[in-house]
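Enquirer: Quick check, what structure comes out for this input:
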Amino acid sequence: VRQHNALTNARYEYTQLQLDLLFFIISKLRKGETDTVYKLDIMELSSLTGKRYNGAYLQKATADMGSRMLEVEDANEYQQLWMFQRIRYLKGQGIIEFDLTRHVLPYLFELKNNFTSYALAAALRLTSKYAKRIYPLCSQWKDLGETKKYDIEEFKRMLGLIDEKGNDKVERVSDLKSKVLDIAVKQINEHTELHVSYKLEKKGKAFKNIIFTVKPQALAETIPFELVQGAAAPAGLQQHQVDNAGRLLAQIGIITPTLVATILGNAAHVAACNKFAHDLKTGKHAKAHSLSGLLLTVLGIKKANSGPLFDKPAEVK
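Expert: A predicted model of the protein is given here:
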């Protein structure tokens, strides 16, 4: 995922679910495109997160996203931005269509050298909404080994810990550490390619600044779930065919362990995956808006034009 540093440092508060939707939308943006309408396939998102999404929760989450403001500020100006001018649900297709506002487009496409890059799979694995904000923030400084000094009050405003009326959700430093920082750092260190820590600096008797140290680390899971590779080859197939199919699943975001095991344990599915991979390399599926959805349809796991995976409500915090 690549996003403008202004968005990385913007002041806004999204829930865990809303941040996952935002990350997923940004991951769909392509260099050179300036479209305002993007489609999100709920089944594809579900395959990445391993969650099933409740329609009512999704509608509430996107309604709040549409109304929430992003505050973007630099040395020259302060802006209040809204991401979406319309959000549309395509019934029976499991698709949410997001129509971006024209004023937010420069922060999505005109990146030049002023952008933050981070891993979508890692961002989606984080369950704390604060970890999901701090991870891109630290990613912005990963080449330098340390972030800039953030004024603690401004840092809280970035994360929505201080609202527009000045109400502070974590007024005590001990609460900031236990409810936000310690949880976020633990998750980032366990689930991403970064190892981070933080230090708080005092000015007089009060804490004034926060700084994160950022170091690269080897992921314990180079592919999000261990079932992608190493599954035994079904009768009639060679092991390399299963491994190739597993790599395809990881490449297009199908990583739910039970789903991966089902596909790799079926000889017909593995053969179809290898054919799909060949077709992908030759450009046959270049216009597909959802490769994971298309493959699942080819395998017969998802019916054409089937609805989203609505089951237990997704966690909303």
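Enquirer: quick check, distance from the helix or strand of the chain at the bottom of the mean pLDDT ranking to the centre of its chain.
Expert: Lowest mean confidence among the helices and strands of the chain (mean pLDDT, DSSP states H and E): strand 115-117, at a mean of 74. Once both centres are worked out by C-alpha atoms, centre = their mean, to the nearest Å, strand 115-117 turns out to sit 13 Å from its chain's centre.
Enquirer: so where's the stretch 101-250 of the chain uncertain?
Expert: 111-114, 218-237 (pLDDT under 70).
Enquirer: ok, which stretches of it are strands?
Expert: Assigned by DSSP state E, counting those that start in this stretch, the stretch 101-250 of the chain shows strands spanning 115-117, 150-151, 194-203, 206-216.
Enquirer: What is the last one packed up against?
Expert: When contacts are defined as 3 or more C-beta pairs under 8 Å, 6 or more residues apart in numbering; DSSP states H and E, strand 206-216 sits against helix 129-139, strand 150-151, helix 152-158, strand 194-203. Using the backbone N, CA and C atoms, a C-beta is placed for each residue, glycine as well.
Enquirer: any idea of the angle the longest one forms with strand 206-216?
Expert: To tie it back to what came earlier, the one meant is helix 129-139. For helix 129-139 against strand 206-216, the angle by axes from the mean of the first three to the mean of the last three C-alpha atoms, to 10 degrees is 70 degrees.
Enquirer: Return helix 129-139 as CSV; C-alpha atoms alone will do.
Expert: Provided in CSV are the C-alpha atoms of helix 129-139 (Å, rounded to 0.1, in the frame of the first residue of the first chain):
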residue,chain,number,x,y,z
LYS,A,129,-7.2,0.5,15.6
TYR,A,130,-4.3,2.4,17.1
ALA,A,131,-1.8,-0.2,15.9
LYS,A,132,-3.3,0.3,12.4
ARG,A,133,-2.5,4.0,12.6
ILE,A,134,0.9,3.8,14.2
TYR,A,135,2.1,1.1,11.8
PRO,A,136,2.0,3.4,8.7
LEU,A,137,3.3,6.2,10.8
CYS,A,138,6.4,4.1,11.7
SER,A,139,6.7,2.9,8.1
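Enquirer: Centre of the chain to it, how far?
Expert: On the basis of C-alpha atoms, centre = their mean, helix 129-139 sits 11 Å off its chain's mean C-alpha point.
Enquirer: Quick one: residues in contact with that helix.
Expert: With C-beta atoms under 8 Å, 6 or more residues apart in numbering as the test, helix 129-139 has contacts from 1, 3, 8-9, 14-16, 19-20, 23, 116-118, 122-123, 126, 147, 158-159, 180-181, 183-185, 187-188, 192, 194, 196, 212, 214, 317.
Enquirer: before we move on, back to that, show me which residues of the least confident helix or strand of the chain are buried.
Expert: The neighbour-count check on strand 115-117 (16 or more other C-beta atoms under 10 Å) flags 115-116 as buried.
Enquirer: who does it touch, helix- and strand-wise?
Expert: strand 2-4, helix 5-8, helix 129-139.
Enquirer: Return the distance of the residue nearest to Ser117 when sequence neighbours are not counted relative to Leu259.
Expert: Closest residue in space to Ser117, ignoring its immediate chain neighbours: Arg2 at 4.9 Å, by C-beta to C-beta, 6 or more residues apart in numbering. Look at Arg2 and Leu259: by C-beta to C-beta, to the nearest Å, they are 28 Å apart.
Enquirer: quick one: which of the two has more around it?
Expert: Leu259 (19 against 13; other C-beta atoms under 10 Å).
Enquirer: And that one, how far from Gln140?
Expert: 33 Å.
Enquirer: What segments of the stretch 51-200 of the chain are helices?
Expert: Assigned by DSSP state H, counting those that start in this stretch, the stretch 51-200 of the chain shows helices spanning 55-67, 106-109, 120-125, 129-139, 152-158, 173-176, 182-191.
Enquirer: Highest mean neighbour count out of those helices?
Expert: Most buried of those, by mean neighbour count (mean count of other C-beta atoms under 10 Å): helix 129-139, with a mean of 24.
Enquirer: what sits up against the helix or strand encompassing Thr297?
Expert: In the assignment (DSSP states H and E), Thr297 maps to helix 291-298. Residues from elsewhere that reach helix 291-298 (C-beta under 8 Å, 6+ apart): 41, 43-44, 47, 94, 248, 252-254, 272-273, 276, 280, 285, 288, 302-304.
Enquirer: Try it again at 6 Å.
Expert: With contact meaning C-beta atoms under 6 Å, 6 or more residues apart in numbering, helix 291-298 is reached by 41, 43-44, 47, 252-254, 272, 276, 288, 302, 304.
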